[in-house]
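Visitor: Can you look at this prediction? I've put the sequence above it.
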Amino acid sequence: MEQGFAEVLARTAFIDGPQVARFEEEYAAYSRVRHCVAVGNGTDALELALRANGVGPGDECVLPANSFIATAEAVYRAGATPVLVDIDPDTFLIDSAAAVAAINDRTAAVLPVHLYGRLVDTTAIRAAARAHDAVVVEDAAQSQGATRDGKRAGAFGEIAATSFYPGKNLGAYGDGGAVVTDSDELAERMRLLRAHGERVRHRHETVGFNSRLDSLQAVVLSAKLKRLDAWNALRREAAMRYEAMLADVDAVRAPSGADEGHAWHLYVVRVPDRDTILERVRAEGIGAAIHYPVPIHLTPAFAYLGEGPGSFPEAERAAGEILTLPMFPGITEQQQSAVVDALKKCTA
Ligand SMILES: *Cc1c(COP(=O)(O)O)cnc(C)c1O
């Protein structure tokens, strides 16, 4: 990485240096799709992916009520209306049947979120979207490296957006994001939108944005990408250890039915009386957290949608029960034992 940094500094090509194009090629190959277009962050990646598909005012976009707020923000920022749907209580992912039911002729895009590192099965959603001329824009911010049937995010819809925020499975040393897609046309639109609408210097074909990945961040990401699969394997091992350790903790419901290709961005369990338990395990020195404590429709930001309490019962129930346990590549068995011991003590 030091040599890569030195090259950037020597050429002073901090923006749009050759390192960015190199990383884009590497990440496209890794994602097993034709194109990667890097941008400033994951939220921009989602917004520009929607805009590249022509999504705008008057359009509806279907997304799950339980996600990081950015999924809904991107829809709002593109000028479209977020249409939230409930989640599947077993996977915490978008409820496929609810999503299909929400798709109509006003729907321009559906945004399945591969939350916690687990891929959504998009088969039914994609078919329904196609039938209504809507596109599938995957939110793959939490699922770098996740696979299903030999495919990765970006291959399950028209385009997928991801984030290289430092805490993600593939994180930069600052903000970063990208889209991956098999579509030449969408990749081209993305390249226009991310850099002031210009293909040729000073020829602004459309009103664009300034959303680019820094060359220095591309150096970091290229170096870390080489280790992503090994890190994800360590996450998977840790998840399997948690599952075994939690089997005899009655109050804790561990994630179930996860397939091989789960990228285990977060390890999220359900517990009753979560707020009390969270407070107690934190007092024991355990870095547990909640992703996310408030479903999107109940945030003040999206109150304008008019979906009050009770609108999405599974998302609301989950928000009150979910607990994220410490999870990172290389977490040791002892560290996990300490987490589980604290949970046992605090739920007894
Ligand atoms: C992190 C994240 C984003 C946004 O990415 P940023 O790079 O922080 O803008 C979007 N969606 C989900 C599900 C995320 O976890």
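Guide: Looks like it arrived, so ask away.
Visitor: The residue in the stretch 1-150 of the chain that the ligand sits nearest to: what's it in contact with?
Guide: Going by CB to the nearest ligand atom, the ligand is nearest to Gly42 of the stretch 1-150 of the chain, at 2.4 Å. In short, each C-beta sits where N, CA and C put it, glycine included. Contacts for Gly42 (CB atoms under 8 Å, 6 or more residues apart in numbering) come out as Ala70, Ala141, Ala161, Thr162, Ser163, Phe164, Tyr165, Lys168, Gly177.
Visitor: which of the residues you listed lies closest to Ala99?
Guide: Ala161 (17.5 Å; CB to CB).
Visitor: Which residue ranges of the stretch 51-200 of the chain form helices?
Guide: Here the stretch 51-200 of the chain has its helices, by DSSP state H, counting those that start in this stretch, at 70-77, 96-102, 123-131, 184-194.
Visitor: For the lengthiest helix in the chain, buried residues please.
Guide: In terms of residue count, the longest helix belonging to the chain (DSSP state H) is helix 215-246. For helix 215-246, the neighbour count (16 or more other CB atoms under 10 Å) marks 215-222, 224-225, 228, 231-232, 234-236, 238-239, 241-242, 245-246 as buried.
Visitor: Next SSE downstream of it?
Guide: Counting by DSSP states H and E, the next helix or strand C-terminal to helix 215-246 is strand 267-270.
Visitor: what comes into contact with that following strand?
Guide: For strand 267-270, using CB under 8 Å, 6+ apart, the contacting residues are 92, 116, 238-239, 242, 246, 252-255, 291, 318, 321-327.
Visitor: ok, now stretch 247-264?
Guide: Residues outside stretch 247-264 that contact it (CB under 8 Å, 6+ apart): 90-91, 116-119, 142-148, 169, 232, 235-236, 238-239, 242-243, 246, 267-272, 277, 327, 340, 343-344, 347.
Visitor: Distance of Gln334 relative to Arg241?
Guide: Distance, Gln334 to Arg241, using CB to CB, to the nearest Å: 11 Å.
Visitor: do Arg118 as well
Guide: Distance of Arg118 to Arg241, given as CB to CB: 18 Å.
Visitor: got the contacts of Gly42 as TSV, with pLDDT, distance to Phe23 and neighbour count columns?
Guide: What follows is the contacts of Gly42, written out as TSV (pLDDT from 0 to 100; distance: CB to CB, whole Å; neighbours: other CB atoms under 10 Å):
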residue	pLDDT	distance to Phe23	neighbour count
Ala70	98	22	23
Ala141	98	17	29
Ala161	98	16	32
Thr162	98	12	31
Ser163	98	15	28
Phe164	98	10	32
Tyr165	98	16	20
Lys168	98	15	21
Gly177	98	12	28
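Visitor: The residues you listed also near the ligand: which ones?
Guide: Residues of those in contact with the ligand (CB under 6 Å from any ligand atom): Ala70, Ala141, Ser163, Tyr165, Gly177.
Visitor: I figured the third one was touching Ala153, is that so?
Guide: Just to be clear, that refers to Ser163. No: the pair Ser163 / Ala153 is not scored as a contact, 11.8 Å apart, by CB atoms under 8 Å.
Visitor: re the thing from before, of the contacts of stretch 247-264, just the buried ones, PyMOL syntax please.
Guide: With 16+ other CB under 10 Å as the criterion, this PyMOL line picks the buried residues out of the contacts of stretch 247-264:
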select buried, resi 91+116+117+118+119+142+143+144+145+146+147+148+169+232+235+236+238+239+242+246+267+268+269+270+271+277+327+340+343+344+347
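Visitor: which strands and helices sit next to the host helix or strand of Gln334?
Guide: Under the criterion of DSSP H and E, Gln334 resides in helix 333-347. Helices and strands touching helix 333-347, by 3 or more CB pairs under 8 Å, 6 or more residues apart in numbering; DSSP states H and E, are helix 215-246, helix 274-283.
Visitor: mind listing what Leu298 touches?
Guide: Per CB under 8 Å, 6+ apart, neighbours of Leu298: Gly308, Pro309, Glu316, Ala319.
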